[in-house]
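> Here is my input, please return the structure:
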Amino acid sequence: MHGPGYSGGNGLSGTYTLPSGKFADDFYVYAVEWEPSAVRYYVNSNLYETLTPADLPAGKTWVFDHPFFVLLNVAVGGDWPGNPDSTTSFPQQMLVDYVKVYSRK
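As a prediction, the model looks like this:
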């Protein structure tokens, strides 16, 4: 999760490990439940991270309490997982079967 003062290498994150295989080997269902006071992350219906304003670094602002947009991207390089080298395959691609957005009324 990226926000003012907690982005790039200082973003908030969690990890999820598949029971077997690699993420690149198959399609998976990723989900985010976004509410004004919490954001929950899932892979194949498995909750692996919940972030709330209490998880922010001291003095940082929670900005996820108003409408936003979803951004999907393939980032190459940087501190995580590292810059490309001679073993990096190009071009990279992200295959997305569908994106669904629901709103709680």
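
> Name the next helix or strand following the lowest-mean-pLDDT helix or strand in the chain along the chain.
Lowest by mean pLDDT, DSSP states H and E among the helices and strands of the chain is strand 30-35, with a mean of 92. Note on strand 30-35: by DSSP states H and E, the next helix or strand toward the C-terminus is strand 38-43.

> Now whichever helix or strand comes after that following strand: buried residues?
Once strand 38-43 ends, the next helix or strand along the chain (criterion: DSSP H and E) is strand 46-51. In terms of neighbour count (16 or more other C-beta atoms under 10 Å), strand 46-51 has its buried residues at 49, 51. No exception for glycine: its C-beta is placed from N, CA and C like everyone else's.

> just how off-centre is strand 46-51 within its chain?
The chain centre lies 11 Å from the centre of strand 46-51; the measure is C-alpha atoms, centre = their mean, to the nearest Å.

> which helices and strands sit right next to it?
Here strand 46-51 touches strand 38-43, going by 3 or more C-beta pairs under 8 Å, 6 or more residues apart in numbering; DSSP states H and E.

> tell me the mean pLDDT for the strand it packs on?
When pLDDT is averaged along strand 38-43, the result is 95.

> show me where pLDDT drops low in the protein?
79-81 (pLDDT under 70).

> again, only using 50
Within the chain, not a single segment meets pLDDT under 50.

> quick one: furthest residue from the center of it?
Most distant from the centre of the chain: Ser86, at 26.8 Å, with distances by C-alpha atoms, centre = their mean.
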